[in-house]
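> Fold the following, please.
(one chain, ligands or ions: 4)
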Amino acid sequence: KAKANGRGTYCFFETAMDANRQERRELEILLQQAVETQQFEIYYQPQVDTNSERVVGFEALLRWHHPERGIISPTEFIPLAEETGLIVPIGEWVLRQACKDAASWPTDISVAVNLSPVQFKSQTLAHAVISALSDSGLSASRLELEITESVLLTDNDTALATLHHIRSLGVRIAMDDFGTGYSSLSYLRLFPFDKIKIDQSFIRELGTSKDCAAIVKAVVDLGASLGITTTAEGVETTEQLSRVREQGCGEIQGYLFGKPLPLSSVNELLQRQLPGLPDMLDSTFRN
Ligand code: C2E
Ligand code: MG
Ligand code: MG
Ligand code: MG
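Ligands and ions are numbered 1, 2, ... in the order given. Now for the predicted structure:
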């Protein structure tokens, strides 16, 4: 009986795995089609200077509009895009499009683009950055690239060399999701990052956890002594805002100031932020 049971269990498991594999295969085909038929759109989330509360840049966040399934989140398709290598053409498209969009913004507004570790293995990344800049006419100083420590974790030397090459162009490099990896600190020593983005998991509990407040404070101080700007990710409440302000975070990003917006809304928002005018972020963009 036990044997029969075991077999039954085994069969069930195998079927579940097959279904999973089939679903993945299906998603993979859809993703391939998305690349071919341009089903992607970039949303932009405001990055705000903590003191002036003015927008200083936007993070490019990819959205997939599937004709039947609607908007698919990057957390759902980026891992598959990485496994299949499709992240290379997708990532290059994001880079080119984001630079093109940003080139039409005021010159004191920059754009941040997320890079996958897989893009560092393709050997074409530095060239993709150079051509995105030259084709769009965007100045290198207005482009920021966000990487997580996993970039430096795998294939260290090539990734490092590529990063140095890109940074030598005048492009800034930010460490994303700081504090979530195993050894974020040691990576700060490996590469001269221009910015540290403190992961939103620390910001979320700022009001309730003394530990989180202490950690945020320590990271901001560390950044300051290394000459690195810090950004607080995921600021959702005014309480969190006053905490990160107290701790000395230079920039903030989060739903409190604005969710990721389509390009047309970005242009509208920038229209209102005319030089010399105070805080223009109103409820239109906070929701
Ligand atoms: P990330 O780079 O850490 O981006 C921040 C994520 O937090 C975004 O999710 C953003 O919408 C979300 N967020 C911002 N403020 C708040 C807030 O106040 N509260 C909450 N709950 N969430 C907030 P999104 O757009 O779903 O992107 C998820 C992740 O997907 C990104 O995390 C990034 O790792 C990846 N991703 C997005 N676009 C790209 C891309 O073009 N290339 C690559 N390689 N990865 C991308
Ligand atoms: Mg990011
Ligand atoms: Mg992040
Ligand atoms: Mg993240």
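> For the protein, list the residues in contact with ligand 1, please.
For the chain, the contact set with ligand 1 under C-beta under 6 Å from any ligand atom comprises 45, 60-62, 73-75, 78, 91, 94, 114-116, 146, 176-177, 200, 234-236, 253-255, 260. The way it works is simple: take the backbone N, C-alpha and C, and place the C-beta from them, glycine included.
> Tell me the secondary structure at the closest residue to R167 other than its chain neighbours.
By the measure of C-beta to C-beta, 6 or more residues apart in numbering, the closest residue to R167 outside its immediate chain neighbours is I173, 5.5 Å from it. Applying DSSP: H, G, I helix; E, B strand; the rest coil to I173 yields a three-state assignment of strand.
> Up against ligand 2, what does the stretch 51-200 of the chain have?
Contact residues (C-beta under 5 Å from the ion) of the stretch 51-200 of the chain with ligand 2: 114, 146, 176.
> from those, which ones fall inside strands?
Using DSSP state E, the subset of these located in strands is 114, 146, 176.
> average pLDDT across the helix or strand where N267 lies?
Element membership of N267 [criterion: DSSP states H and E] is helix 263-272. Helix 263-272 carries an average pLDDT of 93.
> who does the residue nearest the centre of the chain bridge with?
Note on the chain: the residue nearest the mean C-alpha position is N114, at 4.3 Å, using C-alpha atoms, centre = their mean. Bridge pairing for N114 (DSSP bridges) gives the partners E146.
> One more: W64?
Going by DSSP bridges, W64 forms beta bridges with F40, I72.
> Just list the residues touching the residue nearest to L169 when sequence neighbours are not counted, thanks.
In space, and not counting its chain neighbours, L169 is closest to A140: 4.8 Å by C-beta to C-beta, 6+ apart. Listed by C-beta atoms under 8 Å, 6 or more residues apart in numbering, the contact partners of A140 are 133, 169-171.
> On the pLDDT front, check A140 for me.
pLDDT at A140 comes out at 98.
> same question, the one 5 residues further on
Here, the pLDDT recorded for L145 equals 98.
> How much space separates it from F191?
Per C-beta to C-beta, to the nearest Å, L145 is found 12 Å from F191.
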